[in-house]
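Student: Fold the stuff below for me.
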Amino acid sequence: MRSEVLTAPSGPYLDLSPVFGGGFFAFLTLRGHDGTDPEQLRAFLSGRGLAVSTVHRVVQVHSDRVVAPEEAPCEADALVGCRGGEAVRVVTADCVPILLASTDGGRYAAVHGGWKGTLARIAQAAVGAMGAEPSRLRAYVGPAIGPCCYGVDRQRHDLFAREFPGWLPAAGERPVLDLQDLNVRQLLQSGLDPSSIFVEERCTACEVGLCCSYRRDGERAGRMAALIGRTA
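Tutor: Residues are numbered from 1 along each chain as shown. You can find the predicted model right below:
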């Protein structure tokens, strides 16, 4: 899947609302966007015709902790909300952004899947916190650094091979990780239907003009914001 890139005065973005269906809105702001803090994102949503009172965030620490908006801001890497007129967001620049929505309960989640969170199975923790039948969930797995660009040392590769036996290809001379694939596998193992998982086929390090990448740009890298909420 490659979503259509749209442009606002604040910069390029992806409208992911069609992935989740009526009642939900979801967006990914891309490289060049003015900002990712809650107030700027609230203004961005207003510009799309969405009246949102609050955009909730967490202090991301590469953990497997999932919290409710009432607990934020706090240290965690996933937020699960249910209120209409509100949104939750995570920011990424190579890590995997995952958005979830329940078609039968109106719950929604934003998940930050870095390598440590992926190893700790944060995607599965978020599914468990949704309080909904997994087969009723839809998921969007956003742009992340791909195995084409994400070389790792053998020690890190072995950590993943032990945690996820059979999920990784042989290390070879240049061990790599595919964080998108590992998170998709976690969603499937949690019970999501394959047809309800939408994967953005973009490598953040390769998409120089479009995506933020810490591996590519270091401290100069910006951040992309993945956010989701309910209209009512």
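Student: For beta bridges, what are the partners of the residue nearest the centre of the chain?
Tutor: With distances taken as CA atoms, centre = their mean, Pro97 lies nearest the centre of the chain, 1.4 Å away. For Pro97, the beta-bridge partners under DSSP bridges are His112.
Student: What pLDDT is listed against it?
Tutor: With respect to pLDDT, Pro97 scores 98.
Student: which residues in this protein form strands?
Tutor: Assigned by DSSP state E, the chain shows strands spanning 5-8, 11-15, 24-29, 54-56, 66-67, 78-81, 86-92, 96-102, 108-113, 137-141, 197-199, 224-230.
Student: contacting residues around Pro175?
Tutor: The neighbours of Pro175, taking CB atoms under 8 Å, 6 or more residues apart in numbering as the test, are 151-154, 156-157. For every residue, glycine as well, the C-beta is placed using N, CA and C.
Student: quick one: which of these is nearest Gly209?
Tutor: Checking these against Gly209 by CB to CB gives Gly151 as the nearest, at 22.7 Å.
Student: Report the contact partners of that closest one.
Tutor: Residues in contact with Gly151 (CB under 8 Å, 6+ apart) are 174-176.
Student: just to revisit the earlier point, export the strands of the chain as JSON lines, with columns for distance to Asp217.
Tutor: Shown next, in JSON lines, are the strands of the chain (distance: least, CB to CB, whole Å):
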{"stretch": "strand 5-8", "distance to Asp217": "19"}
{"stretch": "strand 11-15", "distance to Asp217": "16"}
{"stretch": "strand 24-29", "distance to Asp217": "17"}
{"stretch": "strand 54-56", "distance to Asp217": "25"}
{"stretch": "strand 66-67", "distance to Asp217": "29"}
{"stretch": "strand 78-81", "distance to Asp217": "25"}
{"stretch": "strand 86-92", "distance to Asp217": "13"}
{"stretch": "strand 96-102", "distance to Asp217": "18"}
{"stretch": "strand 108-113", "distance to Asp217": "19"}
{"stretch": "strand 137-141", "distance to Asp217": "22"}
{"stretch": "strand 197-199", "distance to Asp217": "24"}
{"stretch": "strand 224-230", "distance to Asp217": "13"}
